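Enquirer: would you be able to build a 3D model of this:
(one chain, ligands or ions: 1)
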Amino acid sequence: MFKEEEINDRLSIFRNDKIHFINSFEEDVKTGLTSEKKYLLPKYFYDEKGSELFEKICKTKEYYPTRSETEILDILSDTISERNIDKNMIIELGSGTSVKTELLIRSFLKEREELVYIPLDVSNIIIESSRQLTENYSNLIINGVISFYEEGMEFIVSRFNSPKIILFLGSSIGNFTPGESIEFMRMLAKYMNETDRLLIGFDLVKERKILEDAYNDSDGITAEFNLNILSRINRELNADFKIENFKHKSVFNEEDSRIEMYLESLSDMNVDLKSIDEKIKLKKGELIHTENSYKFNKKMINELAERSGLVFSDYYTDEKEYFSLCAFRLNRNF
Ligand SMILES: C[S@@+](CC[C@H](N)C(=O)[O-])C[C@H]1O[C@@H](n2cnc3c(N)ncnc32)[C@H](O)[C@@H]1O
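Expert: Just a heads-up that it's a prediction; the model follows:
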């Protein structure tokens, strides 16, 4: 299922079988767009263009999560490295360009002769960033994995065995419902030994305006990112969405503690998805839900840990307390 490409003597990329990707995309789009309340899964944002747009979002003045998490890692990477001196392997899920992770990698390499870094992402973006990292650090070995999370983790633990830290940064956990987060954290706990640690970035609840602006930047990059999923469907499923007939919309749902992102149809329309032999109708004002981004507090994080078989061991935040990085270990009594 995984094919290995050797990029250089310290960098290999393991790619999940392509057919599997295509089938799941077709099925998921079909299920989402034919259900009563239409939706698309956020994991499909990240084609090449989507990954580039996400990098741009991180640099907008409104999108504070990247800056806040970087601030935490800037200050705490050495401490995290020292506290985990027994570990020489970092696995990162949804690593993207690994920009923030480089801070941790640098600290780890100060104290170790060698470090194995395993970025796992559905996007090809990891190839170039991993190549750059191996050029920057002569004692870094990278085994990149291009896959969805679950299959990727299963492959990684079957192939690489060493005391490890697992990273899940960027508040990607917020894209899951609470039930999915528990399922996801349980899946990770299953692959952890007693000495392993899991570090997750959680975006914290804050003032509505700060939250909503972060998902509706004034340069319109988030809007472009959201709309790009329709261009991807047009291209890959031979569909005819008229992109200009949709509007990006994001709103903070306080009761459920989450930002909800939608694509709003600006007119009545028919869309033909030729590759999957499906025709859909949209009414003016109808919404396609594209992403949730949950916002947390310490109590919510603790509950997730308790229900996942993990112990919440460290809580780090930035100065403004916008974002937190949390460490977990296995709960032996679960
Ligand atoms: C919000 S970005 C975060 C990137 C980076 N960790 C950061 O903090 O800036 C989410 C990343 O996860 C990847 N991703 C999303 N869903 C995924 C899935 N189901 N399996 C594997 N990777 C996924 C995307 O390609 C993207 O690079």
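Enquirer: for stretch 323-334, buried residues please.
Expert: Across stretch 323-334, burial judged by 16 or more other CB atoms under 10 Å covers Phe323, Ser324, Leu325, Cys326, Ala327, Phe328, Arg329, Leu330. C-beta coordinates here come from the backbone N, C-alpha and C atoms, glycine included.
Enquirer: who does the helix or strand hosting the second one pair up with?
Expert: To tie it back to what came earlier, the one meant is Ser324. Take DSSP states H and E as the rule and Ser324 turns out to sit in strand 323-330. In its sheet, strand 323-330 lies beside strand 197-203 (antiparallel), strand 310-317 (antiparallel), with partners assigned from DSSP bridges.
Enquirer: most tightly surrounded among these?
Expert: strand 197-203 (a mean of 24; mean count of other CB atoms under 10 Å).
Enquirer: off-centre distance for whichever helix or strand comes after that one?
Expert: The first helix or strand that comes after strand 197-203 along the chain, using DSSP H and E, is helix 208-214. Taking the mean C-alpha point of helix 208-214 and that of its whole chain, the gap between them comes to 20 Å (CA atoms, centre = their mean, to the nearest Å).
Enquirer: please point out which parts of helix 208-214 sit buried.
Expert: Of the residues in helix 208-214, Leu211, Asp213, Ala214 count as buried by neighbour count, 16+ other CB under 10 Å.
Enquirer: let's have the residues you listed in CSV, adding distance to the ligand and pLDDT.
Expert: Compiled in CSV, the buried residues of helix 208-214 are given as follows (distance: CB to the nearest ligand atom, whole Å; pLDDT from 0 to 100):
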residue, distance to the ligand, pLDDT
Leu211, 16, 98
Asp213, 17, 97
Ala214, 12, 98
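Enquirer: all helices for the stretch 51-200 of the chain, in order.
Expert: Taking DSSP state H, counting those that start in this stretch to define them, one finds helices in the stretch 51-200 of the chain at 64-83, 101-111, 125-136, 149-159, 178-190.
Enquirer: hang on, Leu304 in a helix?
Expert: Yes. Residue state for Leu304 (DSSP: H, G, I helix; E, B strand; the rest coil) corresponds to a helix.
Enquirer: what count of nearby residues applies to the spatially closest residue to it that is not a sequence neighbour?
Expert: Excluding its sequence neighbours, the residue lying closest to Leu304 (CB to CB, 6 or more residues apart in numbering) is Ser181, at 5.5 Å. Other residues near Ser181 number 23, with proximity taken as other CB atoms under 10 Å.
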